[in-house]
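Engineer: Give me a model of this one.
(chains A, B and C)
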Amino acid sequence: MLQQTQVGAVIGYFQRFLDRFPDIGALARASEDEVLQLWSGLGYYARARNLHKAARAIVDSPGGRFPSTAAQIELLPGVGRSTAAAIAAFCFGERAAILDGNVKRVLARRFGVEGFPGASKVEAELWVLAERLLPNIAAPEEMEAYTQGLMDLGATVCTRSAPGCALCPVATECVARATGRTAELPAPRPKKAYPTREAAWLLLRYRGLTVMEKRPAPGIWGGLWVFPEFGGEDPIRHCLAEFGCELSSHRELPLLRHGFTHFRLEIRPIVCEVVKRERRAESPGRAWFPLKEAASEAVPVPVRKLLAML
DNA sequence: CTCCAGGTGG
DNA sequence: CCACCTGGAG
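Structural biologist: Residues are numbered from 1 along each chain as shown, chains lettered A, B, ... in the order given. From the prediction side, this is the model:
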């Protein structure tokens, strides 16, 4: 959950998640849809799908036990080099280097690493430094304090703005500090203009029900339920042809904007009042939900917002 | 409103 | 290299 997400946003999700899935077996036995329900609103839903897959992979593995080395842990879906190292260091005392966003900032400043962390060349340089800095431990227990200390240094002292250099244990050896460049290091992400996409969403209302469609994975909101999108001109004709629904009226709600990493989505919500629904087999991946319960399904934030307005 | 943080996988 | 989401800061 903490991959690409800050602690404050995670805590509530983490507690609800562990209440429902107290161990790997419980997670493995659950459906992907239920896992996504508990992840709904947290974003980056591939993490949830991967976590679920990882639980099943562990349960189905020969020993049925959680892998105990960084190299083995990294084979799990959704677990990369840094997360694998963090688990191995904290749980098994392995001498493995982590490199999360906070640590990258500490290293970039302390060693004066130029360039944007994320550029592959800079990334490689940071990994070399992270490995080289690992302490020569006498016992596995020592890895915890080192790893936690490094992460906390970045999270609480070597912060992005206004770092607390006066409190920093490595201030005297810090390149950024010595050259007065703590504000310039690490280099910011190169700016890039990103496009706006538009989408019209149909919010059908019929006897306290609404229809949603399951997005394919991978892709945006993969595995989540989203209002049907349509690109046509005429909601009345579209609803009849696609959903067998006769409308008495339809109205637009205010434009809803949602930002992604690489584009911005402008959602035009169209509330459609259905008076008559033709009986027909539901296509797979499309379902009617009671409006009152829809918000507890696996839905992304904009859908949640719109449900609150219905 | 805009900008930004934050790892993994393809 | 790019795709993937959201909330908080400014």
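Engineer: which residues in the stretch 201-310 of chain A form helices?
Structural biologist: A:235-243, A:291-294, A:301-309 (DSSP state H, counting those that start in this stretch).
Engineer: out of these, nearest to residue A:64?
Structural biologist: Taking Cβ to Cβ, helix A:291-294 is the member of the helices of the stretch 201-310 of chain A nearest to residue A:64, at 35.4 Å. Bear in mind the C-beta positions are built from the backbone N, C-alpha and C, glycine included.
Engineer: Show me what the closest one packs onto, helices and strands only.
Structural biologist: strand A:209-214, helix A:301-309 (3 or more Cβ pairs under 8 Å, 6 or more residues apart in numbering; DSSP states H and E).
Engineer: same thing but at 7 Å, please
Structural biologist: strand A:209-214 (3 or more Cβ pairs under 7 Å, 6 or more residues apart in numbering; DSSP states H and E).
Engineer: Which other helices and strands does the strand it packs on contact?
Structural biologist: For strand A:209-214, the packing partners by 3+ Cβ pairs under 7 Å, 6+ apart come out as strand A:196-205, strand A:225-226, strand A:286-290, helix A:291-294.
Engineer: closest to DNA strand B out of those?
Structural biologist: Closest to DNA strand B of those, according to Cβ to the nearest atom of the strand: strand A:196-205, at 9.5 Å.
Engineer: where's residue A:189 relative to DNA strand C, distance?
Structural biologist: As for residue A:189, its distance to DNA strand C is 10 Å (criterion: Cβ to the nearest atom of the strand, to the nearest Å).
Engineer: Now for the closest residue to DNA strand B within the stretch 1-150 of chain A: which residues touch it?
Structural biologist: Residue of the stretch 1-150 of chain A nearest DNA strand B, by Cβ to the nearest atom of the strand: residue A:80 (2.4 Å). By Cβ atoms under 7 Å, 6 or more residues apart in numbering, residue A:80 lies in contact with residue A:74.
Engineer: gap between stretch A:226-240 and the chain center?
Structural biologist: Put simply, stretch A:226-240 sits 30 Å off its chain's centre (Cα atoms, centre = their mean, to the nearest Å).
Engineer: Distance-wise, check residue A:112 relative to DNA strand C.
Structural biologist: For residue A:112, the distance to DNA strand C - Cβ to the nearest atom of the strand - is 20 Å.
Engineer: now the closest residue to that residue other than its chain neighbours: how far from DNA strand C?
Structural biologist: Nearest residue to residue A:112 in three dimensions, chain neighbours excluded: residue A:175, at 3.2 Å (Cβ to Cβ, 6 or more residues apart in numbering). Between residue A:175 and DNA strand C the computed distance is 23 Å (Cβ to the nearest atom of the strand).
Engineer: Could I get the phi/psi values of the residue in the stretch 51-200 of chain A that DNA strand C sits nearest to?
Structural biologist: Nearest residue of the stretch 51-200 of chain A to DNA strand C (Cβ to the nearest atom of the strand) works out as residue A:119 at 4.3 Å. When read as degrees, to the nearest 10, the backbone of residue A:119 gives phi -60, psi 130.
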